[in-house]
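>>> Structural data only, the sequence is not supplied:
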Ligand SMILES: Nc1ncnc2c1ncn2[C@@H]1O[C@H](COP(=O)(O)OP(=O)(O)OP(=O)(O)O)[C@@H](O)[C@H]1O
C-alpha cells in the first residue's frame, strides 16, 4: 500500500499546501506573506521548508498550492474506494491549523450549490461509490448504504443529523462488543440511495456544527466532525463457482440471507467484515464496511487563538483529542513498533475510541495534513509537518542532519560513483567471460573468483556501504526516527560468500558455474540498485549544496554591501519573541492611534465651538462698540443740547446779560486778535518788509488777519447796535 520505503503500512499521509487566499492578502502584514513551503523540485513527494533552518519532509503524496480538488481525489483517494468495496474500513482525516483548508479539502461543508470543480473529497467519493455500486461490475451484489454525522465537542458526542430537541434525544454512546468491535448507539443512521440524498444530509449536519470566533478565523471549526458511511453488501456465490473458482454470476431470486448483524460496526473481522449464509445452491456473503471522513478541529496552539474561558476549554479538549490521535496513528504507522506494542492508546480520547476499529488493523487510514504556505503561519506549519511525519513514521526522509559523514561531500560521492562504474564494467566483463567459459565447457576456480578485482572491490565497497548504513541506522533522526538503510540487508559480498565456495567441492563444475553466474547476476543487480540510489542521492545533495551556496552567496553579498553588518542565526524562540514584541507593539500602536484620533476629533469639536464663540464674541464686541459710539454721539448731542438749552435759557431769562457776556467774549477775542496783529506788524517791521505788495506768506497771513479783524469789528459793532436796541444800560460803549 505504501509508496514509500517499500514497507507496507495501512497509514498514509498526504500533505496539501493551501494557496495564498484573498483573506491572507488583506488581513496579514505584508512582511509575513512570504511563501516558505514548496514542493521539492527533485522529488514530488517531498516539501522544502525554507526558513533559517532549511528542512525537508517526505510524505506519501504532496499537493502543491495549485493542485485541484480533482487531483487530490484522484491521487490520494481513488483506490480507497476499491478497498472499501472489498470490505475494509477506511478512514480519511484532515488535520491542520485553523483556516489551512481541512473543510475545503474534505468537503464537509459542501452543498449542492457548490460548482463541481470546488467539491471536496466527500461528494467525490460518494459520486464514485454510487457509480460503482450501480455499475455492471457489482450487479450480483445487493447494497445498503447509510450515513451518519457526529460531532465531538468538549468530549461530548453530538448527533448532527438528530431530529428534534437535542435534550430529548438519547445520548450518543460508544460501545464495544465482546469481539472488540466498536458501535455507536443513540445515533441517526440514514439510508441513502444516491449522491443528492447524501449531500442533503451532509449540508444539514454541517450547519449544526459548532463554530466559534477565534482571533485567527471568524468561523473556525471548534470541534471534530465525523461523516460516516456504512455499507452492507451481499453477494451470492453459487457452489459451482466456489469450487471452480469462477466469477460470481447473478444471484437466485430467493431472499438473501440476513447479514450477521445489521448493527453498525458489529461485524467480526479477520481480513474484512464478512459473514456467510449457506444455501444448497450456493452461499450469500455479507460484507460490512465503514468509511469515515474526519474533519478535525483546528490544531493551532491555544496561545495563538488568544482564547480564554469557554474557548480555552474547547482548545484544551481539541488538543488532547489530537494528541491521542497522534499517539494512536504513530503506534499503528510504525510496523516495527506495532509488532512490539501491545497497547494502542485508543481510550485516551473519544475521537480515538470512536474510530478504534477503523484505525489500524485491517483499516486503511489516510491523513491529509493541510498547511498554509506563508511565513506568518510557519510555527503552526512546522508543528503540523512534525505531527504528520510522526503519524506516517516515514523512514526514507532525506534530511540533512540525519545523514552519515560523506553524503554531503560531492567529491567523495563523485569518486564513489566512478569507482562503482568501474566495478560494474569489471563485473560485466567477468560475467561475459564466465558465460564464454561455460559455453566453452571451462570452469572458473573459486580462488580466481575470490581474488578477482571486482569481488575484492565489491567486498570493500559493500562493506563500506553496509557498515555506514548499519551505523547510520542507529543514528536517531531529527524526530527520533531511525535513518533509513539504503542497501538491502543482503549485500553482494554476503551473497557471494566463502560458505558457497567451501560447498563447491560437493557439487559438479556445471552446477557451480550456474551458481557463480547467478551470484554474479545478483551482484550486478545490487550494484545497479546501489548506483541508482547513489545517483539520486548525488543529485539531491548537489541541489542542496547549490542552495547552501546560494544562501552563502547571499550572506557574502550582504557582508560586502553592508560591511558593518553582523549576520547572526536567529533561533525560532527569538523569532517568536520578536513576533510577540511586534504584535504587542502593533496592538499598542493601534490603541494609541485610536486614542489619538479620538483626541483629535474632540479637539476639532472644541475648535469648532471656540470658533463659533469667537464669531459671537466679535459680533458682541462690534455691537458694544457701536452702542458705545452711539452713546457717545447721544452724550455729545445731549451736551450740545444742554449747552444750547443753557444758552437759550440764559438768553430767554436774561437777554441783556447774555448779550453783554457775548460782547465781552467777543471783545476779549478782538483784543486778542488786535494784540496778535500788533505783534505781527512789529515783526514785519523788524523784518523790514519794504514792498507791501510783496506776495510773501507773511503778507498773506497779515491780509487774512486784517480781514478777520475787520469781520470781528463789524460783528462787535452789530452786537453793540443790537445792545442799544435792547436797553440803554446795556448799550455797548462806542
Ligand atoms: N486549496 C484551496 N484552494 C482554494 N481555497 C482554499 C483552499 N484551501 C482552503 N481554501 C479557502 O481557505 C479558507 C479556509 O479554509 P477551510 O475553512 O477549509 O479551513 P479549515 O482548516 O477547515 O479551518 P477551520 O479549522 O477554522 O475550520 C476557505 O475560504 C477556503 O475556501
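Right, received. Where do you want to start? Predicted model only: the values in this text are computed from it and were never measured. Numbers count the residues shown, from 1 in each chain.
>>> which residues in the stretch 101-250 of the chain form strands?
Applying DSSP state E, counting those that start in this stretch to the stretch 101-250 of the chain gives strands spanning 141-153, 156-159, 173-176, 182-185, 190-191, 211-212, 220-221, 224-238.
>>> for the stretch 251-400 of the chain, what spans make up the strands?
With DSSP E, counting those that start in this stretch as the criterion, the stretch 251-400 of the chain has strands at 274-279, 282-295, 364-371.
>>> Same list, those, but as TSV with mean pLDDT please.
Formatted as TSV, the strands of the stretch 251-400 of the chain follow (pLDDT from 0 to 100):
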stretch	mean pLDDT
strand 274-279	56
strand 282-295	86
strand 364-371	93
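>>> Return the set of buried residues in whatever helix or strand residue 681 lives in.
Assessed by DSSP states H and E, residue 681 sits inside helix 655-687. For helix 655-687, the neighbour count (16 or more other CB atoms under 10 Å) marks 658, 659, 660, 662, 663, 666, 670, 673, 684 as buried. Glycine gets a C-beta too; all of them are placed from N, C-alpha and C.
>>> isn't the fifth one right up against residue 719?
Yes. Between residue 663 and residue 719 there is a contact under CB atoms under 8 Å: 5.2 Å.
>>> any weak-confidence spans in the stretch 401-550 of the chain?
Within the stretch 401-550 of the chain, the stretches falling below the threshold (pLDDT under 70) are 401-413, 435, 437-513, 515-517, 520-550.
>>> Quick one: neighbours of the residue in the stretch 301-450 of the chain that the ligand sits nearest to, just the number.
Scanning the stretch 301-450 of the chain for the residue nearest the ligand gives residue 370, at 5.7 Å (criterion: CB to the nearest ligand atom). Using other CB atoms under 10 Å, residue 370 has 27 neighbouring residues.
>>> Neighbours of the residue nearest to residue 658 when sequence neighbours are not counted, how many?
Leaving aside its chain neighbours, residue 658 sits nearest to residue 651 (4.5 Å; criterion: CB to CB, 6 or more residues apart in numbering). Residue 651: 14 surrounding residues under other CB under 10 Å.
>>> still on that earlier bit, now the phi/psi pair for the closest residue to the residue of the stretch 301-450 of the chain closest to the ligand other than its chain neighbours, please.
The spatial neighbour of residue 370 that comes closest, neighbours along the chain excluded (CB to CB, 6+ apart), is residue 96 at 3.4 Å. Main-chain torsions, residue 96, degrees, to the nearest 10: phi 150, psi 170.
>>> Looking at residue 96 now. What's its pLDDT?
Residue 96 is assigned a pLDDT of 92 by the prediction.
>>> ok, it touching residue 369?
Yes. Residue 96 is within contact range of residue 369, at 5.9 Å (criterion: CB under 8 Å).
>>> Would you mind listing what in the stretch 1-150 of the chain touches the ligand?
Proximity of the stretch 1-150 of the chain to the ligand, by CB under 6 Å from any ligand atom, involves residues 18, 19, 21, 96, 98, 99, 100, 101, 102, 103, 104.
>>> what does the stretch 351-500 of the chain put close to the ligand?
Applying CB under 6 Å from any ligand atom, one finds that the stretch 351-500 of the chain approaches the ligand through residue 370.
>>> give me the number of residues near residue 371?
Applying other CB under 10 Å, we find 27 residues neighbouring residue 371.
>>> Check residue 157 too.
Residue 157: 19 surrounding residues under other CB under 10 Å.
>>> try residue 652
Residue 652: 9 surrounding residues under other CB under 10 Å.
>>> Just the pLDDT at it, thanks.
You'll see residue 652 listed with a pLDDT of 77.
>>> Could you measure from it over to the ligand?
108 Å (CB to the nearest ligand atom, to the nearest Å).
>>> next one: residue 299
Counting by CB to the nearest ligand atom - residue 299 and the ligand are separated by 8 Å.
>>> Count the neighbours of that residue for me.
Residue 299 is flanked by 22 other residues according to other CB under 10 Å.
>>> quick one: contacts for it?
Contacts for residue 299 (CB atoms under 8 Å, 6 or more residues apart in numbering) come out as 95, 96, 97, 318, 319, 322, 380, 383, 384, 387.
>>> Just give the nearest non-adjacent residue to the fourth one, would you?
Right, the one you point to is residue 318. Distances taken as CB to CB, 6+ apart put residue 297 closest to residue 318, at 4.3 Å, once the chain neighbours are dropped.
>>> Give me the neighbour count for that neighbour.
When counting by other CB under 10 Å, one arrives at 27 neighbours for residue 297.
>>> and it, how far is that from residue 184?
To residue 184, residue 297 is 19 Å away according to CB to CB, to the nearest Å.
>>> Residue 85 now?
Distance check for residue 85 against residue 184: by CB to CB, it reads 22 Å.
>>> Repeat that for residue 130.
24 Å.
>>> ok, now residue 50?
Distance, residue 50 to residue 184, using CB to CB: 44 Å.
>>> So the two - more neighbours on which side?
Neighbour comparison, residue 50 and residue 184: the larger count goes to residue 184, with 20 against 17 (by other CB under 10 Å).
>>> circling back to that earlier point, figure out the helix or strand that the residue nearest to residue 658 lives in.
Applying DSSP H and E, one finds residue 651 within helix 572-653.
>>> Outline the domain layout of this structure.
11-110+135-397, 410-552, 654-734 (automatic domain parsing).
>>> By mean pLDDT, show me the worst of these.
Mean pLDDT values for the domains of the chain show the minimum at domain 410-552, a mean of 52.
>>> before we move on, back to that, take the strands of the stretch 251-400 of the chain and write them to a markdown table, including distance to residue 419.
Output for these, formatted as a markdown table (distance: least, CB to CB, whole Å):
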| stretch | distance to residue 419 |
| --- | --- |
| strand 274-279 | 55 |
| strand 282-295 | 51 |
| strand 364-371 | 41 |
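>>> Out of those strands, which one sits most buried?
strand 364-371 (a mean of 26; mean count of other CB atoms under 10 Å).
>>> For stretch 47-60, buried residues please.
When burial is assessed from 16+ other CB under 10 Å, stretch 47-60 yields the following buried residues: 47, 48, 49, 50, 51, 55, 56, 57, 58, 59, 60.
>>> Take the residues you listed and lay them out in TSV including secondary structure.
Listed next are those as TSV, based on DSSP: H, G, I helix; E, B strand; the rest coil:
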residue	secondary structure
47	strand
48	strand
49	strand
50	coil
51	coil
55	strand
56	strand
57	strand
58	strand
59	coil
60	coil
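>>> Which members of those residues are the farthest-apart pair?
Within those, 51 and 60 form the most distant pair, 23.7 Å apart (CB to CB).
>>> Residues contacting stretch 122-132, please?
Stretch 122-132 has contacts (CB under 8 Å, 6+ apart) with 69-70, 73, 77-78, 80-81, 84-85, 106-108, 110, 138, 145, 194-195, 198-199, 202, 227, 229, 231, 291, 293.
>>> from those, which would you call buried?
For the contacts of stretch 122-132, buried by 16+ other CB under 10 Å: 69, 73, 77, 80-81, 84-85, 106-108, 110, 145, 195, 198-199, 202, 227, 229, 231, 291, 293.
>>> In helices, which of those fall?
Secondary structure defined by DSSP state H assigns 69, 80, 81, 84, 85, 106, 195, 198, 199, 202 of the buried ones among the contacts of stretch 122-132 to helices.
>>> any idea how far the closest residue to residue 93 other than its chain neighbours is from residue 13?
Excluding its sequence neighbours, the residue lying closest to residue 93 (CB to CB, 6+ apart) is residue 294, at 4.3 Å. Distance of residue 294 to residue 13, computed by CB to CB: 14 Å.
>>> Residue 136 now?
Residue 136 sits 35 Å away from residue 13, taking CB to CB as the criterion.
>>> The two: which is more packed in?
Comparing residue 136 with residue 13 by other CB under 10 Å, the one with more neighbours is residue 13, at 30 against 6.
>>> For the more buried one, name its beta-bridge partners.
residue 367 (DSSP bridges).
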